Structure formats: C-alpha cells, structure tokens
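S.K.: 3D model of this:
(2 chains)
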Amino acid sequence: MNGRANPVISGRLRGLSLHLVVLVIAAFVVVPLLYGVLGGFKDTGQLSTNPFGLPSPWVPENYTDVIMSASFWRQLGNSTFIAIATTVIVVGVSAMAAFVFARFAFRGREFLFTLFAAGLMFPFAVAILPLFVLLRTFGLLDNPFGVILPQAAFGLPMTIVILRGFFRAIPGELEEAATLDGCGAFGFFWRILLPMARPAIATVSVLAVVASWNNFMLPLVVFNDPNWWTIPLGVQRFQGQHASETARILAYIVLAMIPALGFYAVAERHLIGGLTAGAMKG
Amino acid sequence: METTTEPGAPSRLPAAAAGRKARPASAGARGGRLRGLVTIALFLLPGLVLFCLLVVAPILVAFYTSTFKWSGLGGPPTEFVGLDNFTRLFANEVFLGDLWHGAVLIALSVVVQLPLALGIALLLNQRLRGRAFYRLVFFAPYILSEAITAVLFTMILSPDQGLANQILGIFGLDGLEWFADQSTVLVALFLVMTWKYFGFHMIIYLAGRQGIPKELTEAAQIDGASGWKVFRFVTLPLLGPTIRISIFLSIIGAIQLFDLVWIITEGGPTHSSETMAVTMFEFGFNRFQVGYASAISVVMFLISLVFALAYQRFVLRRDLEGATTVMRDQR
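M.R.: Residues are numbered from 1 along each chain as shown, chains lettered A, B, ... in the order given. Coordinates of the predicted model:
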C-alpha cells in the first residue's frame, strides 16, 4: 500500500504515529503515578481545585509526617525481614529438591515432581482457612513465621520448576569428574552445582522477594498486632484510618512504592527473565 | 514449551545437554543403592514436609471441613452435613454472581487486555527510539503490590474530585460513579487490572516474538506480503504458544482474584463486584461459617484444576507437538 508514496516521508509518518500511540499508553501508565507523587505535595483542598498543575504552595508535611512516623519504618522492617527469610528458606529448600529431581533417577520421581508442579496453580485463597486454623493451633498468629513458612511452601513449585531446568542443563561430565575426584553428592551440590547456577538462583530469589513483598492475604489474616503489619497491610489500614485525607494517603503510598521501584530498577533483568521463564514452563 | 530464552542459563552448554533426560542414577547409586536413596531422601525431605504440611494438607482439610457446618472455633467440626454446603452454594445468588463476575473479567481480559498487550509488544519490537525505556515503564505497575494499586485507584476513580472525573470534566463530560455504581464497578475494576497486568503479558509476548527467527518475517516481506499479512500469517501463528500461555495465566489469575477487590470494594456495591475468593473470605473470617466458606475454597480448587487439566490437554497439547518443536529445530 505504501509502496507508491515517497518512502522517506511515509516512513517518517509511520514512525511519528507509532510514537504517538506509545506515548498515549505511557501516559496511561505514568499519569496515575505522577498524580500520586504530586498529589502528596498538595493539601486536600488543592487536589480538588488544582488537580493537574504543580502544587502551590508545596506542602511537604504529608511526606515528612510519614517519614517521621515509627510505624512506617516498622512496616518497612517487617516486610524486609519477612521477604528475606522467605527467600532464604524457599530457595534453599527448592534447590535441594530440584537437585534431586534433576540429577537422580528413582521410583516415584515423576509423581513427586508433578505434585510440586501442580502447586503452581493453587493460591493461598484455596488453603487460607485451614492454614489459618493450623497456624492458630501452633501459636503462629502474630508471629512472622506464620507468614514466612506458608509463603515459602507456596513458593516451592515455581522455584523448583525453574531451578530443575537449570540444574538439568549442567553437563553430566562435570558430575562424573567430581565423583572421580572423590566428591560426594552433597559436595557436588554445594561446591559445583550451586555456584554454577548463580544466575538462576538470583532469578528465583528476585521472584521470591517480590512475591513476599506484595503478599496481602496471608498477612491480613495472620497479623492482628500493628507491630507486625507489612507494607501492603499498612497501606490498606492507613487508607481506612485517614479516608478523607486524600493527599496524606497519596504521600503514604508513594513512599511505600519506593522500595519496590528501587528493587525493580536494580533487579529488572532477573525479574523479567524469571517471569518469562516461569510463564513458559508453567 | 521451553523454547523461549532461558535467561541466565550458562550459554556454552550444547543444546543436547539441555534436552537430555535426567541421567539415570549418577552420584549416589554407584556407591551403593542404599546410600543413594538416603541422599535422595535427605535432599527431598525439607521441601516435601513444608509442601505437604502447608499446601497439600490445608487443601485436603478444606475438602473435609466443607462437609460440615462449622464456625471454625472451639475444636474440630462435629456437625456433618454431607454436601449441603454445596447445594446451598449453587442456589445462592451471591455465589452465582461470583461466577458471572469472573466470567466477565476473563472475557474482558482476553478480548481487550491481551490484544492490547500484544499490540504494544509488537510496537516495541519495531525499531523505535527509547523502546527499552518504554518497556521498563510499561512493566513497572506489575511489580507494585495489589494493595498500593488498589488504594491509588480508589483515589483516582473516586466519584467526587477523583482525577478521572476531573479529566472527564475537561471534556465537558459528567463524572462517573466508578466503583460506587453497580453498572460500572466491573469495568472500573477491569481498568485497574489492565493498568497493573498488561505489562506482564507484554513482556511474555516480547519474549515470544524474539523467539521467531527474523528470516521468516523477512522472507514473507520479500514475497510481497503486506504488514498485516505478515502479522496474520507469520507472526500470529508462531506466537500461538505464547498467546495460549498468556491466556491461561490470565484466566487462572481471574479465578483467584482477591486483593484488588477486597481493598477497593469488598465486593460491593451490593455484591456486584464480588469474586469467589472475596465471598469465601467474608464467610470464613467475618461470619464464622467456615464449613460453607470451605465449600467455596473447594469449588475454586476444582474449577482451577479442571480448567488447568482441560487446557493442557486440549489447548496446549498441540504446542508440545507442533510449533515449538519446529521452532526449536530452527534455532
């Protein structure tokens, strides 16, 4: 169709319209975030009279109040601790299981692996009630391990599936050489396999951190005590308490976004690589 | 299905090693069968215990308690009611509403959100200045938590003075009630879901698109195919496996939808945005009808399971035999 028109001009036009489409979509994504950032510097009156412009005057108190509040930092600390503990457990335990699934032949292997892989489809929602009763029985309510252990358990399927793929790709000759040199199964796992799989370990760790950081349902039922609230829970409760003070809520969620966005900036490659790998294998 | 890039995989490995079946008993068995079994057991045990105790057992317990009338308090359930909870469930308008809302959100996702994501992925696959930056931006909402997204859009789509209504006002349009109106709440929710999730699907499509050899689209162009025809007869069929996976993930996600709905509407106004997970949560944790709520969990589980099995059997099966193996050979 565009074969007849001047190719340079039609090429430019096409480039321009492509850019226009992309810019509109970028606006759809960015405007809500920008509204949050700028809105946090306004007061609630300004938000209705001057929704689009820059704040005038700038009101930094919304942000400084949050930064000065102990509860915000407490939530940040809780989220961090829970995310790290979950990640260490799920990656450690999964690596061991994935090693066996990738490198040993034994009766029942496919069955067990299928059992784990089937877990990919089942969210907390299906198990949350019995899980709650179980945690209550063991006294794990209002205890970080009441969130950490179930999160680790539900993270196993994805982590095992991805790690098994990587472990299988490491050539058998290496293992034979290690065995000849007197390396046992554990020695091979610890000294050779894990160091070689470092990129894969990084990928699944990043996925585990993000999943834990954003988890809402489990902390919602486990933590009654505000001292244990995580960021998502804190955000929801803050909105509940300050329903009419839009600007303050905006400031709170903007500050709550920063760690996640910062983490994304640093770990983007692993995150995206892991998600596509996970999706393709799920 | 493992055709797309395996990021971070040591690239010097010959393809043969990746495709090979796990080697028959290596380290362990040579030094004695028993020692091998002990090693296997030791490595597998922590994962198995964690998984069985906190994933498998709770799901089985949910099946058990779904046959009781039980408040969840004061000892194990005693009042056995058979399948009563399920007959109640399927006679209940709220629950039938849940199924309908799920179906609407799935339909909207598949018909609107995924094609949008695909279009953007193909756009960003073109030579376009700043495309790495755009990719970064479009994916960003996916990593924000549902809680933050929910609260942000509660403000933006607020009926009084929310940003969305202010924007409509510029064009002289009346503001909408968004989440407060039964007739708009699902669409408003879908808008939020699109904002949050389209970047994820875009990323999957981009990965799939990059797995299509350039020679194929170039050959089609040389043969005189127009841009649309190249898309329709080359790109789209070869993206088939990726698209089918993305539809699968989208549907599984919609079946389980909870966080966004719970925070924004709690299922309201008058149950018009309620999902299965929200109803389950409401009955389980607020109304202490744990038996009834367990029945909802069981139905969610069965729907996910049947859907997943049927989808793998009938939709994904072709991918395992056809397109992917061809693509793998060509790489």
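
S.K.: what about the strands in the chain?
M.R.: You didn't say which chain, so I picked chain A. In chain A, no strands are defined using DSSP state E.

S.K.: Chain B, not that one
M.R.: Under DSSP E, chain B gives strands at B:68-69, B:79-80.

S.K.: What average pLDDT does the helix ranked longest in chain A get?
M.R.: Using DSSP state H, we find that the single longest helix of chain A is helix A:246-281. For helix A:246-281, mean pLDDT rounds to 86.

S.K.: related to what we said a few turns ago, from the strands of chain B, which stretch is densest packed?
M.R.: Mean neighbours per residue, mean count of other Cβ atoms under 10 Å in any protein chain shown, is largest over these for strand B:68-69, with a mean of 18. C-betas here are computed from N, CA, C, even on glycine.

S.K.: before we move on, back to that, comparing the strands of chain B by mean pLDDT, which bottoms out?
M.R.: Among the strands of chain B, strand B:79-80 scores lowest, at a mean of 88.

S.K.: Please give me every residue in contact with residue A:247.
M.R.: Applying Cβ atoms under 8 Å, 6 or more residues apart in numbering or on different chains to residue A:247 gives the contacts A:39, A:40, A:41, A:42, A:43, A:44, A:46, A:47, A:59, A:62.

S.K.: ok, and the most crowded of those residues?
M.R.: Most neighbours among these, by other Cβ atoms under 10 Å in any protein chain shown: residue A:39, with 27 neighbours.

S.K.: Tell me if I'm right that that one and residue A:252 touch.
M.R.: No - in this structure residue A:39 lies outside contact range of residue A:252 using Cβ atoms under 8 Å: 11.2 Å.

S.K.: returning to what we had before: in the longest helix of chain A, which residues are buried?
M.R.: By 16 or more other Cβ atoms under 10 Å in any protein chain shown, the buried positions in helix A:246-281 come out as A:246-257, A:260, A:263-264, A:267-268, A:270-281.

S.K.: cool, and stretch B:178-192?
M.R.: Buried, per 16+ other Cβ under 10 Å, within stretch B:178-192: B:178, B:179, B:180, B:184, B:185, B:186, B:188, B:189, B:190, B:191, B:192.

S.K.: and what of stretch B:37-46?
M.R.: For stretch B:37-46, burial by neighbour count (16+ other Cβ under 10 Å) applies to B:37, B:39, B:40, B:43, B:44, B:46.

S.K.: Looking at those, spot the one nearest residue A:183.
M.R.: The closest of the buried residues of stretch B:37-46 to residue A:183 turns out to be residue B:39 (Cβ to Cβ; 12.8 Å).

S.K.: Could you list the contact residues of the stretch 151-300 of chain B toward chain A?
M.R.: Contacts of the stretch 151-300 of chain B with chain A, taken as Cβ under 8 Å from any Cβ of the partner chain, map to B:151-156, B:158, B:160-161, B:163, B:166, B:195, B:199-200, B:203-204, B:207, B:226, B:242, B:245-246, B:248-249, B:252, B:256, B:258-259, B:262-263, B:276-277, B:280-281, B:284-285, B:290, B:293-294, B:297, B:300.

S.K.: repeat that for 6 Å
M.R.: Residues of the stretch 151-300 of chain B lying close to chain A by Cβ under 6 Å from any Cβ of the partner chain are B:151-152, B:155-156, B:161, B:163, B:166, B:203-204, B:207, B:245, B:256, B:258-259, B:263, B:277, B:284, B:290, B:293-294, B:297, B:300.
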